[in-house]
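**Student:** Coordinates for the following, if possible.
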Amino acid sequence: ARDVVSRRPASGTADEEPSDEDVTIQAGDVILPEMLHEGVSIARVATADDAGHRLGRHLHLLRPDPTRLDPWFLAGFLAAEDNLNAASSGTSVVRIDPRRLRLPLLPLAEQQRYGRAFRQLAALRTAADLANRLADETARTLAAGLTAGALLPPDTAEGTR
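**Tutor:** Sure, this is the predicted structure:
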């Protein structure tokens with residue numbers, strides 16, 4: 001579930017032998033965490049890289065028929081804040097009941113238009129997450145260089161008044 005929320009590929013290991021009850025992820029599946037994490041939930045569309053992995057604990061899997069329902073449209077509307085608030089229950093641990101999630105009834109062509117927009121938003125979020133991680137790593141490296149004496153602070157107070 002942490003991988004889905006943080007928009008990362010599957011990182012878990014299969015410690016046990018597969019059972020008949022395990023669900024194998026396919027490209028186009030929509031994966032939704034069972035619980036809200038810090039008030040946020042991400043419905044993620046599985047890619048070819050996710051295909052073949054087993055569904056982890058605390059996750060719901062929806063497998064839309066692509067001839068009737070665009071997966072990006074589905075994921076985008078399932079992760080909408082208003083939708084999640086209406087479909088969640090609990091106080092300290094907030095669980096999502098996927099049966100209570102609402103989805104507009106639109107023709108496939110209109111769903112695909114929304115789906116393209118939601119896919120672009122997902123790409124933007126992924127790029128922003130990467131930029132944030134790289135900025136943090138750069139700041140840590142520079143701070144370590146300054147404190148270890150490998151780097152010196154600038155001579156001038158450029159940019160200050």
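**Student:** Where does pLDDT dip in this protein?
**Tutor:** Applying pLDDT under 70 to the chain flags residues 1-21, 36-41, 84-85, 87-93, 157-161.
**Student:** go with 90
**Tutor:** Counting by pLDDT under 90, the chain contains low-confidence ranges at 1-23, 32-44, 49-50, 53-60, 78-103, 125-126, 129, 154-161.
**Student:** what's the longest helix in it?
**Tutor:** helix 108-148 (DSSP state H).
**Student:** gap between that one and the chain center?
**Tutor:** Offset of helix 108-148 from its chain centre (C-alpha atoms, centre = their mean, to the nearest Å): 11 Å.
**Student:** Show me what it is packed against.
**Tutor:** strand 44-45, helix 71-78 (3 or more C-beta pairs under 8 Å, 6 or more residues apart in numbering; DSSP states H and E). All C-beta spots, glycine's among them, are computed from the backbone N, C-alpha and C.
**Student:** what's the spacing between whichever helix or strand comes after the first one and its chain's center?
**Tutor:** Okay, so that is strand 44-45. Counting by DSSP states H and E, the next helix or strand C-terminal to strand 44-45 is strand 59-62. How far strand 59-62 lies from its chain's middle: 13 Å, per C-alpha atoms, centre = their mean.
**Student:** Now do residue 60 against residue 79, distance only.
**Tutor:** 12 Å (C-beta to C-beta, to the nearest Å).
**Student:** what's the overlap in contacts for those two?
**Tutor:** residue 32 (C-beta atoms under 8 Å, 6 or more residues apart in numbering).
**Student:** so which of the helices and strands packed on helix 108-148 gets nearest residue 144?
**Tutor:** Closest to residue 144 of those, according to C-beta to C-beta: strand 44-45, at 33.8 Å.
**Student:** Give me the contacts around that closest one.
**Tutor:** By C-beta under 8 Å, 6+ apart, the surrounding residues in contact with strand 44-45 are 4, 7, 28-32, 71-72, 75, 119, 122.
**Student:** Now the buried members of those.
**Tutor:** Using 16 or more other C-beta atoms under 10 Å as the burial test, these include 4, 28-32, 71-72, 75, 119, 122 as buried.
**Student:** now, which of those sits nearest residue 155?
**Tutor:** For the buried ones among the contacts of strand 44-45, the nearest to residue 155 is residue 122 (44.3 Å; C-beta to C-beta).
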